[in-house]
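*Asks:* would you be able to build a 3D model of this:
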Amino acid sequence: MGAGPGTASVNVMVVYFHRDADRELRELWEWYSQRDSTVATRFLRAVDNAVERIQSHPPSHPIELD
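*Replies:* Residues are numbered from 1 along each chain as shown. Sure, this is the predicted structure:
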């Protein structure tokens with residue numbers, strides 16, 4: 001069944017963090033939060049912006065497998 005009139009199909013790339021990277025991200029956020037909540041917020045915003053750039057143009061960010 002296809003999309004009907006007035007509907008759009010949007011392909012969104014899902015970005016997953018490796019469990020070690022996810023743990024490190026959480027640890028860094030906690031570290032920044034204990035020192036300065038504004039810096040912690042800016043840190044997460046920078047990570048979110050990077051993920052959005054990857055999602056908006058995946059070919060610019062190739063996946064490297066070990």
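
*Asks:* any idea how far Val12 is from Phe43?
*Replies:* Using CB to CB, to the nearest Å, Phe43 is found at 24 Å from Val12. Placement of C-beta: from N, CA and C, glycine included.

*Asks:* of the two, give the one with the bigger neighbour count.
*Replies:* The neighbour comparison of Phe43 against Val12 (other CB atoms under 10 Å) goes to Phe43, with 17 against 7.

*Asks:* now for Leu44: which residues touch it?
*Replies:* Listed by CB atoms under 8 Å, 6 or more residues apart in numbering, the contact set of Leu44 reads Trp29.

*Asks:* in what helix or strand does it lie?
*Replies:* Assessed by DSSP states H and E, Leu44 sits inside helix 37-56.

*Asks:* restricting to C-alpha, output that helix in PDB.
*Replies:* Extracted in PDB, the C-alpha atoms of helix 37-56 (Å, rounded to 0.1, in the frame of the first residue of the first chain):
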ATOM      1  CA  SER A  37      25.200  23.100  33.500                       C
ATOM      2  CA  THR A  38      25.500  25.600  30.700                       C
ATOM      3  CA  VAL A  39      28.600  23.900  29.300                       C
ATOM      4  CA  ALA A  40      26.900  20.500  29.700                       C
ATOM      5  CA  THR A  41      24.000  21.800  27.700                       C
ATOM      6  CA  ARG A  42      26.300  23.200  25.000                       C
ATOM      7  CA  PHE A  43      28.100  19.800  24.900                       C
ATOM      8  CA  LEU A  44      24.900  17.900  24.200                       C
ATOM      9  CA  ARG A  45      23.800  20.400  21.700                       C
ATOM     10  CA  ALA A  46      27.100  20.000  19.800                       C
ATOM     11  CA  VAL A  47      26.600  16.200  19.800                       C
ATOM     12  CA  ASP A  48      23.000  16.600  18.600                       C
ATOM     13  CA  ASN A  49      24.200  19.000  15.800                       C
ATOM     14  CA  ALA A  50      26.800  16.500  14.700                       C
ATOM     15  CA  VAL A  51      24.200  13.700  14.600                       C
ATOM     16  CA  GLU A  52      21.900  15.900  12.600                       C
ATOM     17  CA  ARG A  53      24.700  16.600  10.000                       C
ATOM     18  CA  ILE A  54      25.200  12.900   9.600                       C
ATOM     19  CA  GLN A  55      21.500  12.200   9.200                       C
ATOM     20  CA  SER A  56      21.100  15.000   6.600                       C
END
